[in-house]
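[1] Just need the structure, nothing else, for what follows:
(one chain, ligands or ions: 1)
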Amino acid sequence: MTVTNLLTLVKTVLALPRKRVNGAVSLLTGWWLIRLLWRLRILVTATLVVLFAYSTLGWVGLVLLAVLPPVLSFAWRVLHPQSHTWFVNRLLARHRLRHTYGSRWDAVMVACNLHVPVPGGDHLTPTLRKVTLAPVGDVLHVRLLDGQAPADFARQADELAHAFGVPEVRVTSAGPGRVELVLVLLDVLAEPVILTDVPPVTDLRRVRFAIGEDGLWRTRNYANIAAEVGGGVPGSGKTAGETSLACGLIQNPAVQYVVADGKGGEDWSWIAPRAAAYCAEDEDLEAVLRVVEQVHGLMRHRLKTQKATRGEANFWNLPLDPNHPAVFLVVDEVQTFTDTKGMDNDTKQLAYQITARLSVLVKKGRSAGIITRLLTQKPTADALPTAIRDNASVRTAWRVMSKDAAEAILGPVVREAEVSPVDIPEAMRGVAVVATDAGRLERVRFPFVDEHTAETIATRTADLRRELTAFGASALDDQGANDDGTASESEGEAAGVRA
Ligand SMILES: Nc1ncnc2c1ncn2[C@@H]1O[C@H](COP(=O)(O)OP(=O)(O)OP(=O)(O)O)[C@@H](O)[C@H]1O
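    From the prediction side, this is the model:
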């Protein structure tokens, strides 16, 4: 072959479309066969295994092949259900990634206008990276194209739902350049979550409190939290929500509970055997003040002595210790003690003192390991002074009747949010709106623990109960009371408030 001929051949090859050149190279080198085998690797492997079993053990080999996998899978499931479920879900998710969603992904993106055209008539689509299975439905993890934002998907949520054949698609941002599409098959919040027992809370930095719309548990970090405010109309599920939370917390020896129930009923009587102090008084405000004083006294004692005696000024920088427990003060129907309308003068004075103590606890309790939780049917400024409310960093709104009430609990963010506690149907007791760690509002459902179960847990853990005075509150309690001129009763009397 002359040089001219060779050059002509090279030019002709270069002039051929790239696809045809690649095809020819692949054909000549046998690369096509390797690719085909790789593509059909599962079928090829299965065929090889069957042939091997038959050639070594004959028909017995084939019978073993048919019987062994289901038997092993069953045994695995019985012995370790978590890892079995994880493995099966992984297989299912991979299958759906390739065959259910992957095969239609490009077409759906184009149909929903989420593609980006490129010169030459072609287009780019966001990348479907992964599928995971959640109790609520499948979750598609998507990498966005440059210039796209989660809001682009949120706008097309209806179209996506129709395209994927599901009732609803929820869109959440999963970090820069990533979005998650939850293909909702069932509304997990529609059904109550009834617990017949509650696991103990071992880590106060990850306390499970409710189920989110994706069917997964939400957790709260109670370290460095001073206060929580919760509100909702009567019967919306405030007390039940608190009860389920308390049932997990009281099983921790390094937690003490103090409850003041302004309803004056028996909603909280179940906790009496385990509570460091319990008061169900709605009229005798002196009794309530004594209980609040105990917690206030302990807070002052810790703030003044913690650094010297334990080496850290902040309770949460120290390990949790039953001798230095975190204290949860729950004041249910707090408006009974803070809303002074209709009170006589003496009662008003007591109400002011209770409010003042609560206000200080909410402001300063954090570094003393004291978490004050205030619940109310009436989340207005009369019932919950703004000085208290604005210092409560955790807020929960069960069903309320007006946007003003929703804003009173959750703040102005609720006006712009997609979810609102006003929209919670009456029948969905226990459903509430809370703020996520990222500051977004979301709907959750608190689990329901009936009071007999709660009582059983409280009785079972009664030996973990300690008087707050055992932690050295008494001396400074009196001193603290004298500081601002309010008379505090002795802790001995306060203990007498217990039902
Ligand atoms: N998470 C829940 N799941 C299912 N049912 C619930 C849930 N929470 C509450 N309920 C139902 O609603 C009823 C009222 O709940 P709860 O006493 O907690 O309301 P509340 O908001 O505290 O009312 P009030 O302000 O009158 O005390 C419960 O007795 C229970 O039947």
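[2] Please report how far residue 457 lies from residue 436.
    Going from residue 457 to residue 436 by CB to CB, to the nearest Å gives 28 Å. Heads up, the C-betas are built off the backbone N, CA and C, glycines and all.
[3] Between the two, which is the more surrounded one?
    residue 457 (24 against 12; other CB atoms under 10 Å).
[4] what sits against the more buried one?
    Residue 457 makes contacts with 197, 198, 247, 250, 251, 274, as judged by CB atoms under 8 Å, 6 or more residues apart in numbering.
[5] one more time with 7 Å
    198, 247, 250, 251 (CB atoms under 7 Å, 6 or more residues apart in numbering).
[6] same check, this time on residue 337
    262, 285, 288, 351, 354 are the contacts of residue 337 under CB under 7 Å, 6+ apart.
[7] Surely the fourth one touches residue 340?
    Yes: contact between residue 351 and residue 340 holds when scored by CB atoms under 7 Å: they sit 4.9 Å apart.
[8] Compare neighbour counts for those two and give me the winner.
    Of the pair residue 351 and residue 340, residue 351 is the one with more neighbours under other CB under 10 Å, namely 19 against 16.
[9] just checking, what packs against whatever helix or strand that one lives in?
    Per DSSP states H and E, residue 351 falls inside helix 345-364. Under the contact definition 3 or more CB pairs under 7 Å, 6 or more residues apart in numbering; DSSP states H and E, helix 345-364 sits against helix 285-310, helix 335-338, strand 370-376, helix 386-389.
[10] Tell me which of these sits most buried.
    Mean neighbour count, computed with mean count of other CB atoms under 10 Å, is highest for strand 370-376 among the helices and strands packed on helix 345-364, reaching a mean of 26.
[11] quick one: contacts of that one?
    By CB under 7 Å, 6+ apart, the list of residues contacting strand 370-376 from outside reads 222, 225-231, 238, 242, 295, 298-299, 326-335, 358, 361-362, 365, 383-384, 388.
[12] Within reach of the ligand, which of these are there?
    residue 238 (CB under 6 Å from any ligand atom).
[13] Can I have the buried ones of the contacts of strand 370-376 as a ChimeraX selection?
    Command for ChimeraX that selects the buried part of these, burial taken from 16 or more other CB atoms under 10 Å:
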select :222,225,226,227,228,229,230,231,238,242,295,298,299,326,327,328,329,330,331,332,333,334,335,358,361,362,365,383,384,388
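[14] Tell me the helices and strands packed up against the host helix or strand of residue 260.
    Residue 260 belongs to strand 255-261 when assigned by DSSP H and E. For strand 255-261, the contact count by 3+ CB pairs under 7 Å, 6+ apart identifies strand 277-279, helix 285-310, strand 326-332 as packing neighbours.
[15] next one: the first one to chain centre, how far?
    Looking back up the chat, that one is strand 277-279. Distance of strand 277-279 from the chain centroid (CA atoms, centre = their mean, to the nearest Å) equals 29 Å.
[16] same for it, what does it pack against?
    strand 255-261, helix 285-310.
[17] Let's test this: mean pLDDT of the last one, rounded?
    Think helix 285-310. Regarding helix 285-310, the rounded mean pLDDT is 93.
[18] and it with strand 370-376, angle?
    Angle, helix 285-310 to strand 370-376, by axes from the mean of the first three to the mean of the last three CA atoms, to 10 degrees: 150 degrees.
[19] And the residue nearest the centre of the chain?
    Centroid check for the chain by CA atoms, centre = their mean gives residue 218 as the closest residue, at 1.3 Å.
[20] which SS state does that one fall under?
    strand (DSSP: H, G, I helix; E, B strand; the rest coil).
[21] Quick one: mean pLDDT over stretch 197-204.
    93.
[22] Buried residues of that stretch, list them for me.
    198, 201, 204.
[23] swap in stretch 455-475?
    Buried, per 16+ other CB under 10 Å, within stretch 455-475: 455-458, 461, 464-465, 467-469, 471-474.
[24] Restricting to C-alpha, output it in PDB.
    Extracted C-alpha coordinates of stretch 455-475, given in PDB (Å, rounded to 0.1, in the frame of the first residue of the first chain):
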ATOM      1  CA  GLU A 455     -48.500   4.500  84.700                       C
ATOM      2  CA  THR A 456     -46.900   1.100  84.400                       C
ATOM      3  CA  ILE A 457     -43.600   2.700  83.200                       C
ATOM      4  CA  ALA A 458     -43.700   5.300  86.000                       C
ATOM      5  CA  THR A 459     -44.300   2.600  88.600                       C
ATOM      6  CA  ARG A 460     -41.600   0.400  87.100                       C
ATOM      7  CA  THR A 461     -39.100   3.300  87.300                       C
ATOM      8  CA  ALA A 462     -40.200   4.700  90.600                       C
ATOM      9  CA  ASP A 463     -36.900   3.800  92.300                       C
ATOM     10  CA  LEU A 464     -35.200   6.300  90.000                       C
ATOM     11  CA  ARG A 465     -37.100   9.200  91.600                       C
ATOM     12  CA  ARG A 466     -35.200  11.600  93.700                       C
ATOM     13  CA  GLU A 467     -36.200  14.800  95.600                       C
ATOM     14  CA  LEU A 468     -34.700  17.800  94.000                       C
ATOM     15  CA  THR A 469     -33.400  18.800  97.400                       C
ATOM     16  CA  ALA A 470     -31.100  15.800  97.200                       C
ATOM     17  CA  PHE A 471     -29.100  17.700  94.600                       C
ATOM     18  CA  GLY A 472     -28.200  20.500  96.900                       C
ATOM     19  CA  ALA A 473     -30.900  23.100  96.000                       C
ATOM     20  CA  SER A 474     -32.100  24.000  99.500                       C
ATOM     21  CA  ALA A 475     -29.500  26.400 100.800                       C
END
